[in-house]
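> Following is a predicted model, sequence given first.
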Amino acid sequence: MNQEKTAESLGTVARVIALLRLMAESHNDLTLTVLSEKLGLAPSTIHRLLALLIKEGLVGRNPVTKTYFCAAEFVRISSLVVSSSQLVDLAVPVLQSLVDQFNETSLLCLYLEQQQRYTISKVIHGTHLLRYDIRENTPLPLAWGASARSILAFLPQAEIDDILASSGPSQVSGDPIDERTHADLALTRKRGYAYTPGQRVAGSVGLGAPVFGANRKVVGSVCITVPQTRFDPKQEKTLGAALIEHAARLSRSLGYVMPE
């Protein structure tokens with residue numbers, strides 16, 4: 001029995017598992033043709049499976065290189081089963097560098113495109129006893145907090161409008177979505193980082209900068225959270241600059257090239 005016939009005899013679930021396994025083991029740099037050859041499946045079959053996975057947010061496609069990669073939702077699900085992922089592994093030294101520099105909690109957040117939400121995928125704490133208990137791998141709304149707005153501000157405008165239209169007021173301050181929200185997002189884009197005191201967690205100051213993938217789309221953010229009692233407003237620009245630098249480092253490791 002030849003390879004094509006063997007592969008075709010597998011059910012859809014087995015083909016999807018084989019496809020995801022191959023992508024994960026090949027560092028996300030395979031074209032449709034290579035995937036077809038390695039799996040012994042017709043290109044039309046591979047294309048159909050990829051379309052299903054892209055729809056669910058498990059796979060993404062780089063339009064420049066025409067290669068496919070494991071997307072944020074796949075990373076989130078994987079991180080529920082194991083404690084690390086490729087993206088998280090790349091982010092750990094970046095987060096640790098921020099902790100070493102400021103001794104405050106640093107976070108890696110990932111954008112869940114299909115859900116229009118985000119999740120906190122990795123947390124590294126400093127040595128302070130006063131800090132916040134942060135749940136990892138839980139989908140969260142994108143309207144409030146620096147961890148959210150550092151992603152939201154860099155999405156396409158239509159996507160931003162769609163997300164805000166379905167968002168309610170802040171559960172902490174009670175503030176509504178209004179012109180101040182759009183002004184804050186514009187300021188976030190201009191300075192390159194989000195800064196929100198007490199928006200998502202009472203008594204907490206958050207700052208975050210966006211992380212971009214090889215397709216030049218925002219995939220998440222790198223953030224710092226500080227208790228308001230310990231935060232010096234004079235630190236804002238220093239923290240913001242450090243976040244931009246560290247987020248850019250992570251973006252480059254993901255294959256992002258800044259547009260000229």
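Everything's here; your move. Residues are numbered from 1 along each chain as shown.
> Across the sheet, point out what pairs with the closest residue to residue 197 other than its chain neighbours.
Closest residue to residue 197 apart from its sequence neighbours, by C-beta to C-beta, 6 or more residues apart in numbering: residue 205 at 4.8 Å. From N, CA and C alone the C-beta is placed, and that goes for glycine too. Beta-bridge partners recorded for residue 205 (DSSP bridges): residue 197, residue 226.
> Touching, residue 205 and residue 223? I think so.
No: between residue 205 and residue 223 there is no contact under C-beta atoms under 8 Å: 10.8 Å.
> Can you pick out the residue with more neighbours from these two?
Neighbours were counted for residue 205 and for residue 223 using other C-beta atoms under 10 Å; residue 223 has more, 28 against 25.
> neighbours around the closest residue to residue 124 other than its chain neighbours, how many?
Nearest residue to residue 124, sequence neighbours excluded (C-beta to C-beta, 6+ apart): residue 95, at 4.6 Å. Burial of residue 95 is recorded as 22 neighbouring residues (other C-beta under 10 Å).
> check which helix or strand covers residue 95.
helix 86-102 (DSSP states H and E).
> packing partners for that helix?
Where contact means 3 or more C-beta pairs under 8 Å, 6 or more residues apart in numbering; DSSP states H and E, helix 86-102 is packed against helix 72-81, strand 105-112, strand 117-124, strand 218-227, helix 236-253.
> Pull out the buried residues from stretch 88-105.
For stretch 88-105, the neighbour count (16 or more other C-beta atoms under 10 Å) marks 88, 91, 94, 95, 97, 98, 99, 102, 104, 105 as buried.
> Format those as JSON lines; extra columns: distance to residue 165 and pLDDT.
Listed next are the buried residues of stretch 88-105 as JSON lines, based on distance: C-beta to C-beta, whole Å; pLDDT from 0 to 100:
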{"residue": "88", "distance to residue 165": "32", "pLDDT": "84"}
{"residue": "91", "distance to residue 165": "31", "pLDDT": "93"}
{"residue": "94", "distance to residue 165": "33", "pLDDT": "97"}
{"residue": "95", "distance to residue 165": "33", "pLDDT": "97"}
{"residue": "97", "distance to residue 165": "37", "pLDDT": "97"}
{"residue": "98", "distance to residue 165": "33", "pLDDT": "97"}
{"residue": "99", "distance to residue 165": "37", "pLDDT": "97"}
{"residue": "102", "distance to residue 165": "36", "pLDDT": "97"}
{"residue": "104", "distance to residue 165": "34", "pLDDT": "95"}
{"residue": "105", "distance to residue 165": "31", "pLDDT": "94"}
